[in-house]
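> When you get a sec, could you give me coordinates for this:
(one chain, ligands or ions: 1)
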Amino acid sequence: MRIMSVVGARPNFIKLAPVHRALAQRGDVEHVIVHTGQHYDDGLSGSFFSELALPAPQRNLGVGSGTHGKQTAAILERCEAVCQDLAPDWVVVYGDVNSTVAGALAAVKLGIKVAHVEAGLRSGDRAMPEEHNRILTDHLADLLLAPSRDAVANLLKEGLPPDRIRFVGNVMIDALVAALPTARALRAAERRGLTAGSYALVTLHRPSNVDDPQGLAELVGALDTIAGHLPVVFPLHPRARRRLEEQGLTARLARVHLVEPLPYLEMVSLVDSARLVITDSGGLQEETTFLGVPCLTVRANTERPITVTHGTNRLVADVRGLVAAVLNGARRQPPGARGAPGAIERWDGHAAERIAAALCANEHFGW
Ligand code: UD1
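Just a heads-up that it's a prediction; the model follows:
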C-alpha cells in the first residue's frame, strides 16, 4: 500500500512525525512525504524535519507565500500532478492549513481516498481561514480521524456518515510524549537565564490578533505591562514580526525577550517549565493542557473546547482580561488535577498507531 502525506506548515510537520513512525513500523506500507512549500524558512520547516527525525520529503512543491486563493490554487495544481505521478492508495492531510484543504481536493477529484488527521474540530468562527479549511476538508475526506469525542460529535452533527469516522486521539500529544525526555534534558529556560516556573511564554500570529493595527497596539501594551511583573519570552512568527515592524511597535516591546521562531524541542522545553503560556495557537492549547501548564488563549473562541472544559486553557478575548488573568496568578496544576497528564481520553501517545491501523486494516476503535 502506498500512502502519501501532504504537509506544508509548521504544525503539520509535528503531527506527521508520529504518523510516519507508526507507518514505518508496519512494514507493509510505502509512505511518501510531499511538502507543499507553504512554509519554507528553516525555522518553520527544515529544523522540524531534522529534530523530529523525519526523512527529507520526496517532493517539495515550492509554492511559497501568497494570498489564500493563490496559495491554495498553486497547491491544488501541483498536488494533482504529484497524485497522478505517484498514484497513492491514500492521501493523508493534517490539521487546518491551506495545504490541508488543497491536498484533499486534489486527491478526491482524482478518485484517491483521503484521510484527515485532526478531523471534526470547529471554532464556529467563519471569519477564520482555518475554519473554512476544516469544514471543507472534513466533507471531502473518506476517513475522518478525530482527536476527541467532541470532534466526533461535530462530524455527526454535520451529517457525516458514522462509518467514515474513527476516534483515534491526538497526534500532537503523541509527538509531545515522544519529545518530552529530550526536551526536559535541554533545560532551555535555565540556558536562557530564566528560572523554571517563573516566566510567561507568548506566541501570537493569527490574523485576528496581529493584522489589526489598533488591536495589535493594545496587545503590545498588555505584554509590556505583564513584562513589568515577570519575564516574558515571545518567539516571533514572521507574520507577527512583519506587523510589529510595519506599525513601529517593536521598540515598545523592549522589556519582552523577542526571539526567532524556536525549534520544536526547545519550544517544548520552554512550555514545560513556564509559569503560564499566552497564545493564539491551537497546538499550544493542547500541549499546555497535557502538561498542566496554565494557558491564556487570546481569542473569542476555540476549536479545541476540551482544553477549556478538561484542561488548563482559558479564553481571554480582551487585553484587560489578559493582564488581570496573568496578575491574578495563573498557577500550575498539581499532579492528578484537572488538566494534568492523562486527563483527556486517547491523548495517550498512541493516536498514530490507531491511525495506521485505521488506514491499513480498516480498524474501528469505538466511540
Ligand atoms: C499558517 C496557517 C495557520 C497556522 C500557521 C502556523 C493557513 C491559512 N494558516 O499561517 O493556520 O497556525 O501557518 O505557523 O494555512 N512566511 C515566512 N516564512 C515562511 C512562511 C511564511 O516569512 O516560511 C511569512 C510570509 O510573509 C507569509 C506569512 O508569513 O506571507 C504568512 O504565512 P502563511 O503560510 O500564509 O500563513 P501563516 O500565518 O504562517
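
> got the residues of this protein near the ligand?
Contact residues, the chain versus the ligand (Cβ under 6 Å from any ligand atom): 9-11, 38-41, 44, 65, 96-98, 129-130, 205, 237-239. Where C-beta positions appear, they are placed from N, C-alpha and C, glycine not excepted.

> Could you rerun that using 5 Å?
Neighbours of the ligand within the chain, by Cβ under 5 Å from any ligand atom: 9-10, 38-41, 44, 65, 97-98, 129-130, 238-239.

> Look up how far residue 24 lies from the residue lying closest to residue 35 once chain neighbours are set aside.
Nearest non-adjacent residue to residue 35, counting by Cβ to Cβ, 6 or more residues apart in numbering: residue 57, 3.8 Å away. For residue 57, the distance to residue 24 equals 15 Å [Cβ to Cβ, to the nearest Å].

> Spell out which residues sit in contact with residue 364, please.
Neighbouring residues of residue 364 by Cβ atoms under 8 Å, 6 or more residues apart in numbering: 166, 358.

> Apply 10 Å and report the result again.
Contact analysis of residue 364 by Cβ atoms under 10 Å, 6 or more residues apart in numbering lists 162-163, 165-167, 354, 357-358.

> And the pLDDT for residue 355?
pLDDT for residue 355: 98.

> Can you report how many residues neighbour it?
If you count neighbours by other Cβ atoms under 10 Å, residue 355 ends up with 26.

> Would you mark the buried spots in the host helix or strand of it?
Using DSSP states H and E, residue 355 sits in helix 351-361. Neighbour-count burial for helix 351-361, counted by 16 or more other Cβ atoms under 10 Å, picks out 351-360.

> tell me the secondary structure for residue 41?
coil (DSSP: H, G, I helix; E, B strand; the rest coil).

> how close does it sit to residue 65?
Distance from residue 41 to residue 65, by Cβ to Cβ: 10 Å.

> where does this structure dip in pLDDT?
By pLDDT under 70, the weakly predicted segments of the chain are 330-342.

> Three-state assignment for residue 317, please.
Per three-state DSSP, the secondary structure class of residue 317 is coil.

> let me fix that: residue 166
Following three-state DSSP, the label given to residue 166 is strand.

> quick one, what contacts the residue lying closest to it once chain neighbours are set aside?
Of all residues not flanking residue 166 in the chain, residue 358 sits nearest, at 4.6 Å (Cβ to Cβ, 6+ apart). Counting by Cβ under 10 Å, 6+ apart, residue 358 makes contact with 115, 143-145, 166-168, 364-365.
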